[in-house]
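# Pasting the sequence and the predicted model now:
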Amino acid sequence: MKPAASIDMDSWMAQTQTRTVMNALIAGGKPARFVGGCVRDALLGLPVQDIDIATPEPPERVTDLIERAGLRAIPTGIDHGTITAICDGIPFEITTLRRDVETFGRHARVSFTTDWLEDAARRDLTLNALYCDRDGTVFDPVGGLADLKQGRIRFVGDAHERIQEDVLRLLRFFRFFAYYGVGEADENAIEACKRMAPQLASLSIERVWKELSRLLLAPDPAATLEIMATNGILSHLLPEAIHSGRLPTLIRAEVSTETGPDYLRRMATIVDLDKDGVQTLAARLKLSNADRDQLCDLCNPRTCPNPLADPKANRDALYRLGPNLFRDLVLIGEASFPEQDWLSLFSLPETSPVPGFLVTGQDVVDMGVPAGTEIGNLLEQVEEWWIAGNFEANRETCLKHLRSLVTARS
């Protein structure tokens, strides 16, 4: 492969741990190169997260070289040529160059090779098939550099064949388009995705949700989801997403309020579900309990902000919902009913905060009420009285009201 570009030596390439691992591999006499996301993001000037390395050395030899350098080598995927080197607690995934002999979903039977072109040919997208040596020289065997510069997301080789090898690549295509794509999506890729969309049902739901949630976290996934909806792909993943057209308004509201992306807020905006519907969706996607409960709060809140209501009613809602849920519901309301002035409520938690309730169960006990449900009932009565008074009563006044209720019950 001929050099295609270069990367300035920045923190991730120059850091001691990275150079230690690369030097350990190169000590064997064969080249080692960074590959995939770290090269792609470095070329885009984005922060580099995980560092993957490719080498023609077989995995047993990689293990030996890493351990000779005094580092720990973990056989995380040795059947597929992957060893994880640990240097000062930082993981580096090292994979032997390989070609697929037989593919079946997530897994493949591979053969190791010393040919960098064969290794590139088995990768999913061209922008993920970029290599870089330890001095910053970039190698581009399949045209990924030009695609990266133009925001063009393409499969390596035949799109249909790449997806057949692993259907998850269909979702990866759209995730990468959401993050890196510019302009129209690649027609060949879209046609292949349309044909293969029914096969998404064969994937484990954990893999599907991982990709879908990451897609929803893109800075602006609206155009990507619209492409998926228009081409009948989104319905195979999220048939509940009947309001995907609301997403652009939500994104604009998030930007204008300087609110970061949240996959559950965005999910709640594009679906229309009652409580049972949320439970069904959460079970299907195997959401965590926390995500399930949050999605339920977003789709079916116990109360809601209302731009047509008076300030007192919205402070009541703020108290019952809490600032985070209140703001999320304001954003969802803006996306759902943009003709109303929802965003005027967004700063309410800061401009008109509500205090915390200052009466506790111990206060009730101290007034001689025995343990039991009556304590909760009395607390609730005082709290509702305090809320109805627009949170103006202080602790002393609340305790006085509580004492009157205790006296009345005896």
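Alright, I've got the coordinates.
# From here on, just use CA atoms for contacts and neighbour counts.
Fine.
# Could you count how many residues lie near D135?
13 (other Cα atoms under 10 Å).
# okay but it is in contact with M9, surely?
Yes - D135 lies in contact with M9 (Cα atoms under 8 Å); the separation is 7.3 Å.
# who touches the closest residue to G183 other than its chain neighbours in this structure?
Distances taken as Cα to Cα, 6 or more residues apart in numbering put G151 closest to G183, at 7.6 Å, once the chain neighbours are dropped. When the contact criterion is Cα atoms under 8 Å, 6 or more residues apart in numbering, the partners of G151 are Y180, G181, V182, G183.
# what does M267 give?
M267 makes contact with L216, A241 under the criterion Cα under 8 Å, 6+ apart.
# how about it, phi and psi?
Dihedral pair for M267: phi -60, psi -50, per degrees, to the nearest 10.
# now do P75
phi -80, psi 70.
# and if you look at S111?
phi -120, psi 130.
# With F177 instead?
Phi and psi for F177, reported as degrees, to the nearest 10, are phi -70, psi -40.
# Look up the closest residue to it, ignoring the ones flanking it.
I153 (6.0 Å).
# Secondary structure class of that neighbour, three-state.
coil (DSSP: H, G, I helix; E, B strand; the rest coil).
# And for the one 10 residues further on?
Local secondary structure at I163 is given as helix here, using three-state DSSP.
# if you go through the chain in chain order, where are the strands?
Remark: strands assigned in the chain by DSSP state E are 3-6, 33-35, 51-55, 72-77, 82-87, 90-96, 98-104, 107-112, 131-132, 137-139.
# how about those strands in JSON lines, adding mean neighbour count?
Listed next are these as JSON lines, based on neighbours: other Cα atoms under 10 Å:
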{"stretch": "strand 3-6", "mean neighbour count": "14"}
{"stretch": "strand 33-35", "mean neighbour count": "24"}
{"stretch": "strand 51-55", "mean neighbour count": "23"}
{"stretch": "strand 72-77", "mean neighbour count": "16"}
{"stretch": "strand 82-87", "mean neighbour count": "22"}
{"stretch": "strand 90-96", "mean neighbour count": "22"}
{"stretch": "strand 98-104", "mean neighbour count": "16"}
{"stretch": "strand 107-112", "mean neighbour count": "15"}
{"stretch": "strand 131-132", "mean neighbour count": "28"}
{"stretch": "strand 137-139", "mean neighbour count": "22"}
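# Which of those strands sits closest to G45?
Closest of those to G45 is strand 3-6, at 12.5 Å (criterion: Cα to Cα).
# ok, that closest one: who's next to it in the sheet?
Sheet neighbours of strand 3-6, with direction, are listed as strand 137-139 (antiparallel) (DSSP bridges).
# which outside residues touch the partner strand?
By Cα under 8 Å, 6+ apart, strand 137-139 touches M1, K2, P3, A4, A5, S6, I7, L130, Y131, C132.
# List the contacts of the fourth one.
Going back to what we said before, that points to A4. T137, V138, F139, D140, L145.
# ditto for the fifth one
Neighbouring residues of A5 by Cα under 8 Å, 6+ apart: T137, V138, F139.
# partner residues bridging it?
On the basis of DSSP bridges, A5 is bridged to V138.
# Okay, it and L97: tell me how far apart.
Distance, A5 to L97, using Cα to Cα, to the nearest Å: 22 Å.
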